[in-house]
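[1] Structure for this input, please:
(one chain, ligands or ions: 1)
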Amino acid sequence: MIYKNFINNRWSDAEFGKTFDGVNPFTEEIIAQIPASSEPDINNAVRAAQAAFKDWSGLTAGERRDFLRSLANNSRQHAETLAKTISSEMGKPFKDALTEIDDLAEYLEYYSELARDQVGRLVAPVDQKSMSLVQYEPYGVVGCIIPWNYPLSLMGWKLAPALAAGNTIVMKPSEVSSLSILHWVELAAREMPPGVINVVTGFGQEAGETLVKHPHVPIITFTGSVRTGKRIARLAAENLKKVSLELGGKDPVIVCDDVDVEIAARGTCWGGFVNAGQVCTSVERVYVYENVAKKFTDALVEEAKKVKIGDPMDDATDVGPMASMAQLNNAIEKVNLAKEQGCRVLTGGKRSDKYIKGYFFEPTVFDKIKDEMDIVTEESFSPIIPVQKIHSMNEAIEMANSTKYGLGCTVFTKDIERALTAANKIKSGTICINNPLMENIAAPFGGMKQSGIGREHGIEALEEFREVKHIFIDYDYRNKSWWFGDKGGQ
Ligand code: NAD
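    Alright, predicted model coming up:
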């Protein structure tokens, strides 16, 4: 099937007619030809979004709410079709893809209401007959650059608050998961005013960078790797654009010796292997108290062996294939390097031979880890969990803080003092106690250190997409004593 860009509510070929292949990671078949867009396509989309901005930003928040609700309703109505697209292009189990659509609809509903609340504040006046209003305004055209691991919910994290705040949008989906977003605009966004949502597919260096550099796009919101985030920040700095960056992580789990190790092992297994380890907040390292380390590690290995890898459309499947051949190769490289550096594979560690085709990688647990190894310091974005022993909470905190990342962290303990000590001292955007990878749409999500700049979710995400203006009003219409010359003012 041949796909097109979505600009001004119309389908259009890439200006130079170039395409690339969309591949199903389970069957390894080519399932689509997707436009490899370039500068003229981005320019067309930005023009459409600019033209739509005046009317869209001029709607009342209640009118925008109705549009966002219809996006949410349409998403729910077409949930099965959209979930099948996600499964077929990036390998996520269908049942997990369905929850992604539900999340997307929830974001749309939440921000449709939240944006009806405050659009500013009134601060104490400097003179008796004056007022200082602080007003929040949309930026204009928001450039959204989206990764492949949760194509529709991560799109929603950006699109819902950006639209609710009154901005219009040009989106550049990942090369690996463009179809989910193209199907979504076809099924859900047809009733939107033309130009409010535009989708231009293509490669990061060409389509993505053109969007980042475009002079009429004052704000870029990006989710993806630290490397690309740094590149985008450098490009955006040329025009002093606002950027919000949701980047990678190396999230630790700390397992204390007061817990039920079976429960901690099950939670850790899920947190490390869900979505084949391709979650920004995946469990990427485990620090376990020495006196329960053997019991915990044995339980984790048993849990890892029970994970059912298979056809994403099969209800019994826990974990599908890696999203792409590149991701499979990434996992293989990470494991080979870890083995070279002296780690021991306790289970997994290789491409699965369960199927003749498909980019499957076995859930992997390592021990014999040293602090300086790449498997401890660099994000793997793969189903790989290295386990290290620790002797105290202080040591665990030091280790947790030892990488350049600061996205999330989980602590398993029943001891409130240990839990809160860790929560206060670990430098990460989210801390979960006894339940990894938990989010709350109303609470901010994002990274400290090199895991990002800015926040998604909650009121904080709405603020990312609104500029702040001070409006000073003097209603004592008289000459002022400090103005030049003596005009008899007070
Ligand atoms: P990526 O950085 O390779 O690509 C992300 C997006 O950026 C894609 O759309 C890509 O086409 C585009 N891109 C690539 N180079 C670009 C450039 N030079 N200019 C503009 N755009 C460019 O990341 P990925 O492989 O798609 O996603 C995996 C990474 O994303 C992991 O590091 C993961 O931790 C991170 N991630 C973070 C979060 C979060 O919320 N913090 C969520 C999901 C994923």
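
[2] Which strands or helices does the helix or strand harbouring L133 pack on?
    Using DSSP states H and E, L133 sits in strand 130-138. Secondary-structure packing of strand 130-138 (3 or more C-beta pairs under 8 Å, 6 or more residues apart in numbering; DSSP states H and E): helix 39-58, strand 120-123, strand 466-474. Every C-beta, even on glycine, is put in place using the N, C-alpha and C of the backbone.

[3] Out of the ones you listed, which is the most enclosed?
    Mean neighbour count, computed with mean count of other C-beta atoms under 10 Å, is highest for helix 39-58 among those, reaching a mean of 19.

[4] tell me what that one is packed against?
    Here helix 39-58 is seen to pack against strand 5-7, strand 130-138, strand 141-145, strand 168-172, strand 197-199, helix 209-213 when contacts are counted using 3+ C-beta pairs under 8 Å, 6+ apart.

[5] Show the contacting residues for the residue in the stretch 51-200 of the chain positioned nearest to the ligand.
    Nearest to the ligand, among the residues of the stretch 51-200 of the chain, is P147, at 3.3 Å (C-beta to the nearest ligand atom). Shown in contact with P147 (C-beta atoms under 8 Å, 6 or more residues apart in numbering): 154, 174, 177, 223-224.

[6] hmm, try it at 6 Å
    174, 223-224 (C-beta atoms under 6 Å, 6 or more residues apart in numbering).

[7] Mind splitting the chain into its structural domains?
    5-247+447-472, 252-433 (automatic domain parsing).

[8] Can you give me the end-to-end span of the first one?
    End-to-end distance of domain 5-247+447-472: 44 Å, with C-alpha to C-alpha, to the nearest Å as the criterion.

[9] now do stretch 426-444
    Stretch 426-444 end-to-end distance (C-alpha to C-alpha) = 17 Å.

[10] does the ligand sit close to it?
    No - using C-beta under 6 Å from any ligand atom, stretch 426-444 stays clear of the ligand, with a minimum separation of 8.4 Å.

[11] So what's the model's average confidence on that stretch?
    Regarding stretch 426-444, the rounded mean pLDDT is 98.

[12] Please apply the same query to stretch 120-128.
    pLDDT averaged over stretch 120-128 gives 96.

[13] Which residues does that stretch contact?
    131-136.

[14] Between these, identify the one with the most neighbours.
    Y136 (18 neighbours; other C-beta atoms under 10 Å).

[15] Contacts only, for A233.
    Taking C-beta under 6 Å, 6+ apart, we find A233 in contact with V243.

[16] Could you tell me the model confidence score at it?
    Predicted confidence (pLDDT) for A233: 98.

[17] That one: helix or strand, and which one exactly?
    helix 226-238.

[18] got CSV for the helices and strands packed on strand 130-138, with distance to the ligand too?
    CSV is the format used below for these (distance: least, C-beta to the nearest ligand atom, whole Å):
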stretch, distance to the ligand
helix 39-58, 11
strand 120-123, 28
strand 466-474, 20
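
[19] quick one: which of these is nearest W270?
    strand 466-474 (36.3 Å; C-beta to C-beta).

[20] Note down every partner strand of that closest one and its orientation.
    The strands beside strand 466-474 in its sheet (DSSP bridges) come out as strand 130-138 (antiparallel).

[21] Quick one: distance of the strand it pairs with to the chain centre.
    Distance of strand 130-138 from its chain centroid, counting by C-alpha atoms, centre = their mean, to the nearest Å, is 31 Å.

[22] what's in contact with that strand?
    Under C-beta under 6 Å, 6+ apart, the answer for strand 130-138 is 57, 119-121, 123, 125, 165-167, 466-467, 469-474.
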